[in-house]
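K.L.:
Just the structure for this:
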Amino acid sequence: MTASPAPTPAPPPPPPPTTSPSPRPSLLGPRLPSFYCPLERDLVHPEAKQVEALAVEWLDAFGVYPDPVERAWGLATHSADFSCRIIPDGDVEALLLFTEWNYWANAVDDWQDSGSDEVGTGAVVEHGVRLLRTIEDPGASVLPDGPMTRALLDLVGRTHAMLTPHELRRFVEGTRDWLLGAAWRAAQAEAGTMPGLNDFVAMGPLANGTRFSLTWSDAARGDRLPAEVLCSPALTALTDAAGFVVSADNDLFSYDKDDHLEPREVNLVNVLARQENCSPAEAVPLAVALRDRVMVLFTRLRAQLENGPDGPDGPAGANGELRRHLAALGHYVAGSIAWQSRAPRYASPRNRHELPLAEARFAVRFADAPSFAGTEPPDVPALASWWRQVRD
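P.N.:
Okay, here's the model as predicted:
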């Protein structure tokens, strides 16, 4: 297993992490809420260490990070840990390529979230369109030369060689989700507005790139679900539900990282705080209750797809490939919690520390039951439509 070589020499190692004697407290309170996650947890690919080492070698070879400080923060994303937790089995070459994509995408995400005056909606959209065209046609030459572009072209070339045409189309669509979500969030921030709850839950989670990730889960296992199954209403709703839960969890884990921004970051906590005219800490239970309701829906709908037919327009039962895809959705949700709890990007955020703290962690607690006991849909149209796929 090898990473693609490049001529750029590796940068010097980062300076040792420094500590902040008393970082300012979180606006969410002294600790995160408990997470209801009745899914298989703590899975990780057995080749995770090797994948991480090769991915870092690839990053250094292309000079993705311009200096040791940026390198330290880039590696603090723990993108290899994320990749190896949501894909705990399967082909290592596909997993390595996915890992490198995640490190690269997080570098773009940090640029988008930098708060710089140069990173407005226009810049995010302009870059996003050029990125999409490069993925679809790497010979289009629509991005300026530089380390990030050379690394991207290496990723795109290897992706075209590895994925089937259908998988490549899925990957492009997942990337489009990510970039559209990022552009929408940038537009809200630029306008100084906080969206309403329904708008946020309909469009905000796109920035996670859920389908971006799930394409690689299937590719690593060699599973190729037919389009009529993959795009069925029930499986589409289940995928969107998983994306919402992961997005809600990320809004909790990453809250401190962006709490210095003005206007406030567009995330679930701040959307609810504005709607209810309360503090971020007071909005946390509301966010958790909504997240837990979707988690209950996720487990019900996934069990339905595993256990039997789903009507004339949906999957006709869970064969081996479908069962593995449904399991992968669970790995995506549970693995994201484990990854975020261990990533210094979130546990020792840049607005509080000069450098990430290598051993920074969140103390995660898991709840035995959801914080909301009912199974009825919430009064949020963008979420309630998913409940129509559940049979009584």
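
K.L.:
quick check, distance from stretch 28-37 to the centre of its chain.
P.N.:
Taking Cα atoms, centre = their mean, to the nearest Å, one finds stretch 28-37 lying 19 Å from the centre of the chain it belongs to.

K.L.:
Render the CA-only coordinates of that stretch in PDB, please.
P.N.:
Only the C-alpha atoms of stretch 28-37 are listed here, as PDB (Å, rounded to 0.1, in the frame of the first residue of the first chain):
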ATOM      1  CA  LEU A  28     -22.400  25.500  26.300                       C
ATOM      2  CA  GLY A  29     -21.400  24.800  29.900                       C
ATOM      3  CA  PRO A  30     -18.700  22.800  31.700                       C
ATOM      4  CA  ARG A  31     -19.300  19.500  29.800                       C
ATOM      5  CA  LEU A  32     -21.200  18.200  26.800                       C
ATOM      6  CA  PRO A  33     -24.600  16.500  27.100                       C
ATOM      7  CA  SER A  34     -24.900  12.700  27.000                       C
ATOM      8  CA  PHE A  35     -25.200  11.100  23.600                       C
ATOM      9  CA  TYR A  36     -28.000   8.600  22.800                       C
ATOM     10  CA  CYS A  37     -26.400   6.200  20.400                       C
END
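
K.L.:
Name the residues of that stretch that are buried.
P.N.:
28, 32-33, 35-37 (16 or more other Cβ atoms under 10 Å). Quick note: C-beta positions are derived from backbone N, CA and C, even for glycine.

K.L.:
which residues touch it?
P.N.:
If you take Cβ atoms under 8 Å, 6 or more residues apart in numbering as the criterion, stretch 28-37 is touched by 249, 252-253, 255-256, 269, 280-281, 284-285, 288, 292, 295, 333-334, 337, 362-371.

K.L.:
CSV for the buried residues of stretch 28-37, including pLDDT and secondary structure?
P.N.:
Compiled in CSV, the buried residues of stretch 28-37 are given as follows (pLDDT from 0 to 100; DSSP: H, G, I helix; E, B strand; the rest coil):
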residue, pLDDT, secondary structure
28, 97, coil
32, 97, coil
33, 97, coil
35, 98, strand
36, 98, strand
37, 98, coil
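
K.L.:
I'd guessed residue 178 sits against residue 215; true?
P.N.:
No: under the criterion of Cβ atoms under 8 Å, residue 178 is not in contact with residue 215, lying 11.8 Å apart.

K.L.:
before we move on, the earlier item: any idea which of the buried residues of stretch 28-37 is closest to residue 98?
P.N.:
Distance to residue 98 across the buried residues of stretch 28-37 (Cβ to Cβ) is lowest for residue 37, with 22.6 Å.

K.L.:
Any of the contacts of stretch 28-37 buried? List them.
P.N.:
If we count by 16+ other Cβ under 10 Å, those have these buried: 249, 252-253, 255-256, 269, 280, 284, 288, 292, 295, 333-334, 337, 362, 364, 370-371.

K.L.:
which SS state does residue 173 fall under?
P.N.:
Under DSSP: H, G, I helix; E, B strand; the rest coil, residue 173 falls in the helix class.

K.L.:
so the closest residue to it other than its chain neighbours is in which element?
P.N.:
Excluding the flanking residues, the one nearest residue 173 by Cβ to Cβ, 6 or more residues apart in numbering is residue 211, at 6.1 Å. Under the criterion of DSSP states H and E, residue 211 resides in helix 210-221.

K.L.:
Tell me the helix or strand right after that helix.
P.N.:
Next element after helix 210-221 (DSSP H and E): helix 227-230.

K.L.:
Mind checking the pLDDT average for that following helix?
P.N.:
For helix 227-230, mean pLDDT rounds to 93.

K.L.:
for that helix, packing partners?
P.N.:
Contact partners of helix 227-230 among helices and strands, from 3 or more Cβ pairs under 8 Å, 6 or more residues apart in numbering; DSSP states H and E: none.

K.L.:
For the residue nearest to residue 173, give its distance to residue 249.
P.N.:
Counting by Cβ to Cβ, to the nearest Å, the gap from residue 211 to residue 249 is 18 Å.

K.L.:
so where's the stretch 251-392 of the chain uncertain?
P.N.:
308-318 (pLDDT under 70).

K.L.:
could you pull out the helices for it?
P.N.:
With helices called from DSSP state H, counting those that start in this stretch, the stretch 251-392 of the chain shows them at 268-276, 280-307, 320-342, 344-347, 381-384.

K.L.:
In the fourth one, which residues are buried?
P.N.:
If you call a residue buried by 16+ other Cβ under 10 Å, then helix 344-347 has these buried ones: 344-347.
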